[in-house]
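**Student:** Starting from these lines, generate the structure:
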Amino acid sequence: MRIMGRRRALVGVLAGSLLLAGCNAGPGQVGAAVIIDGKTVSVDRVQQLIDKAVREHPYGQQLASEHKLDLVGREIVRQEILHDLTERAAQREGVRVDESLVVNALQNDPLAKPMEANPQNDPALSVQQLVARVRDHRDSLVDAALQTQLAMKYLDKLTVTFDFSSVSSTDATGSDADKLREQAIEKAKKFAASPNAAAELIAQDQQTADTQAGTGQKLPAMQSPATAATVLFGLEPGTVAAFQPTPQQPLWVVVVVRERTADKPVASDQAAQPTAQQLAGVGIRLLQPYLDQVDLKVNPRYGVWDVVGMDLAPNEASKKGIVLPVHGAAPRNP
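**Tutor:** From the prediction side, this is the model:
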């Protein structure tokens with residue numbers, strides 16, 4: 001599969017991918033917004049960036065008037081966490097960005113223009129773009145480029161084999177949506193109860209006409225770049241997850257990953273050409289395994305880390321799903 005010319009892709013990322021696409025004392029240290037392996041980002045620093053967003057960007061002023069600056073604070077902390085994980089992954093994978101491309105991108109800085117109010121993008125993406133502008137522009141651009149490099153390196157190699165079941169409804173709003181989430185999380189806990197639990201439950205679900213379920217499903221990332229950006233492709237074997245593939249649809253999937261490989265290209269006649277935004281999503285998802293390597297403490301005022309969304313949720317009940325190890329599963333090889 002030819003994803004795209006590497007230099008052209010990185011120029012595109014550097015020049016425009018980002019255009020696309022007070023409560024508790026703290027997590028162990030007074031004044032810390034987040035601590036990553038002992039490295040602290042202070043509450044004051046986060047507040048300075050929030051103030052900058054309001055001062056320099058009409059969209060920041062709009063969020064302030066709507067009392068939504070908490071979204072900006074959470075996204076600042078999120079991007080600080082992803083920045084650290086991206087540097088770790090790039091170093092381990094030997095991925096780098098050509099300095100001449102960085103210099104060129106900064107000379108024609110796509111993040112220099114103030115972000116206008118009422119952006120047309122998805123609200124979450126709009127807040128991401130706003131925060132990219134108030135952070136150090138070099139860091140924002142290089143992070144995005146490295147994440148895309150990681151995606152390009154592994155998209156045609158990464159494959160997961162998994163068993164799954166589902167929970168669905170005719171409605172995905174209000175109390176029905178909450179009930180659906182609870183049912184999916186409860187099923188995930190049952191899947192994780194023992195090494196054989198998922199197989200037994202799936203066998204039962206396969207006898208039910210209105211439940212999608214199956215075993216031994218093998219999915220190459222390049223066959224579905226959008227799915228490759230979900231938690232499914234960040235899971236290690238012997239791990240269960242419950243998540244909603246498409247938030248607009250009343251369907252939750254509960255999976256247990258049996259195998260995850262990324263050592264050689266996978267032949268497929270159903271390869272899909274990824275968009276720049278999908279590559280960015282896959283790159284961020286490839287950071288998921290690095291979370292196990294860091295000591296991460298987030299100040300509760302900014303929420304809790306949500307591995308399913310690779311972002312911060314306001315609280316545990318707002319997480320986009322759950323990830324659990326299978327109890328009693330054989331330990332993975334180092």
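
**Student:** Would you tell me what the next helix or strand after whichever strand or helix holds residue 48 is?
**Tutor:** Assigned by DSSP states H and E, residue 48 belongs to helix 43-56. With elements assigned by DSSP H and E, the helix or strand that comes after helix 43-56 is helix 58-65.

**Student:** what about that next one, distance to the chain center?
**Tutor:** Computed by C-alpha atoms, centre = their mean, to the nearest Å, the chain-centroid distance of helix 58-65 equals 25 Å.

**Student:** the helices in the chain, which residues?
**Tutor:** For the chain, helices defined by DSSP state H occupy the ranges 6-12, 18-20, 43-56, 58-65, 69-93, 99-107, 123-134, 137-154, 174-191, 197-205, 225-228, 276-285.

**Student:** could you give the angle of the third one to helix 123-134?
**Tutor:** Orientation of helix 43-56 against helix 123-134 (axes from the mean of the first three to the mean of the last three C-alpha atoms, to 10 degrees) gives an angle of 100 degrees.

**Student:** Also the longest one?
**Tutor:** Between helix 69-93 and helix 123-134, the angle comes out at 70 degrees (the same axes, to 10 degrees).

**Student:** can you list the weak-confidence ranges in the stretch 1-150 of the chain?
**Tutor:** Scanning the stretch 1-150 of the chain for pLDDT under 70 picks out the ranges 1-29.

**Student:** do the stretch 201-334 of the chain as well
**Tutor:** Looking at the stretch 201-334 of the chain by pLDDT under 70, you get 331-334.

**Student:** Please, where are all the strands along it?
**Tutor:** Listed in chain order, the strands of the stretch 201-334 of the chain (DSSP state E, counting those that start in this stretch) span 214-220, 239-243, 251-261, 296-298, 304-306, 311-313, 321-325.

**Student:** any chance of the ones you listed in CSV, with mean neighbour count and distance to residue 198 too?
**Tutor:** Backbone N, C-alpha and C define where each C-beta goes, glycine included. Converted to CSV, the strands of the stretch 201-334 of the chain look like this (neighbours: other C-beta atoms under 10 Å; distance: least, C-beta to C-beta, whole Å):
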stretch, mean neighbour count, distance to residue 198
strand 214-220, 15, 9
strand 239-243, 26, 7
strand 251-261, 21, 4
strand 296-298, 18, 28
strand 304-306, 18, 23
strand 311-313, 20, 25
strand 321-325, 19, 11
